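Enquirer: Could you work out the structure for the sequence below:
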Amino acid sequence: MNALPLIDLKDASSFPSRRVEAWKYSDLRKYLREAPTPSPSAEVPVAGGGPFETLGGEAMVFVNGRAVGVNTLVVSGQQTVRLRFISKAEATGHAAAVRISVRAGAKLLLLETHEGEGSAYVAHNRLDLDVARGAEVTRIVLTDEPEDAISITQAQARVEPGGRYRQTIVSSGAKLQRLETEVTHRGEGADVRLDGLYLLSDARQTDLTTVVDHVAADGQTSQLTKGVVRDTARGVFQGRIVVERGADGTDARMGHHALILGERAEVDAKPELVIYADDVQCAHGNTVGNLDPAALFYLQQRGIPADEARALLTEAFLVEVVDRIEHDGAKEVVREWLTARL
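Expert: So this is what the prediction gives:
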């Protein structure tokens, strides 16, 4: 499909600016005018196996773009994989590419983390994911990167008839952090869910961009993204659902809702439906606002300090996305991540 331009860190001409429509809110060229110096090799951290370590499974690890083991995987049964992108670099750049094929009837729980231990680095990660007929994939993405990093992730998923794809991205931002997802949706009972959550403070920015292309009839897509921005942070959501000719019977729903908790914070949202077929059910919604002052007053009247009251209301706003995660263990890890940052 390649509706979104691909990036090559070795080629500065591939770095999009705001003149590229899909990058109008995240001007990569503003921050990166030349190809960065390649990051050196680094060792895997000795302590710990990442945020999802307690959930077990096979580990696929990349440190400064270099695979520690394999970078391709074929799943034929039921499998849990912890995909770790670790950056241990200072003012250098690195790229990694992963390909995962999930065969017919197989099930994959993909627990993906972006772990930044350096500073001012540039990371570019690509994921190609094939979800075969009747297969099921759950992808949970958790980011923890420094405020001065630039981090771009571009994922492409192809979901065959009867396939089931569940994705939840949980982001804390960076200097510029962008997580793209492109889905080719082949319908005939295929079911896709793309959820996202961003919680940003200081001067961090996150860009969650998705494109879902329904190319066949009778497919479903559900999408819910929620975000909170504080201080001078900036949240970006771009969601595009395309229903091609012949994709009758498509049922596609998209929602984005955000809270702005700082006078200088910013949210840019662009939900889109492009429909070329008849007999479809499609809808999108977008809201941006602040905490309900009446609810905040209610909690404070009952003796809850203002900061704690704001944290409780913020968590209640965001937790809807967390609750949609169907794997209990992954849901609990994400809930703990959220609570720690509130």
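
Enquirer: alpha carbons only for contacts and neighbour counts from here, please
Expert: Noted.

Enquirer: so where's this structure uncertain?
Expert: For the chain, applying pLDDT under 70 flags the ranges 1-3, 46-47.

Enquirer: Which stretches in it count as helices?
Expert: 28-31, 293-301, 306-323, 328-341 (DSSP state H).

Enquirer: tell me the contacts of residue 174?
Expert: When contacts are counted by Cα atoms under 8 Å, 6 or more residues apart in numbering, residue 174 touches 145-151, 204-206.

Enquirer: gap between the nearest residue to it once chain neighbours are set aside and residue 200?
Expert: In space, residue 174 comes closest to residue 147 once its chain neighbours are excluded; the distance is 4.4 Å by Cα to Cα, 6 or more residues apart in numbering. Distance of residue 147 to residue 200, computed by Cα to Cα, to the nearest Å: 10 Å.

Enquirer: if we can go back for a sec, OK, contacts around the residue nearest to residue 174?
Expert: Contacts for residue 147 (Cα under 8 Å, 6+ apart) come out as 173-175, 203-204.

Enquirer: hang on, the earlier thing: list the residues that contact both of residue 147 and residue 200?
Expert: residue 173.

Enquirer: if we can go back for a sec, which pair in the contacts of residue 147 spans the largest distance?
Expert: With distances taken as Cα to Cα, the most widely separated pair in those is 173 and 203, at 9.0 Å.

Enquirer: Looking at the two, which is more packed in?
Expert: residue 173 (31 against 19; other Cα atoms under 10 Å).

Enquirer: tell me the phi and psi of the more buried one?
Expert: phi 80, psi 180 (degrees, to the nearest 10).

Enquirer: Residue 90 versus that one, what's the distance?
Expert: From residue 173 to residue 90 the distance is 18 Å (Cα to Cα).

Enquirer: next one: residue 218
Expert: Residue 218 sits at a distance of 48 Å from residue 90 (criterion: Cα to Cα).

Enquirer: Among the two, which residue is more densely surrounded?
Expert: Neighbour count, other Cα under 10 Å: between residue 218 and residue 90, residue 218 has more, with 21 against 15.

Enquirer: which one is that one nearest to, not counting chain neighbours?
Expert: Using Cα to Cα, 6+ apart, the nearest residue to residue 218 is residue 249, at 4.5 Å.

Enquirer: Among the helices of the chain, which comes closest to residue 100?
Expert: Residue 100 lies closest to helix 328-341 among the helices of the chain, at 19.9 Å (Cα to Cα).

Enquirer: Please identify the buried residues of that closest one?
Expert: For helix 328-341, the neighbour count (16 or more other Cα atoms under 10 Å) marks 330-331, 333-335, 337-338 as buried.

Enquirer: wait, what's in contact with residue 254?
Expert: 222-224, 239, 271, 283-285.

Enquirer: By neighbours, which of the residues you listed wins?
Expert: Most surrounded of those: other Cα under 10 Å gives residue 239, at 24 neighbours.

Enquirer: Nice, that's everything, thank you.
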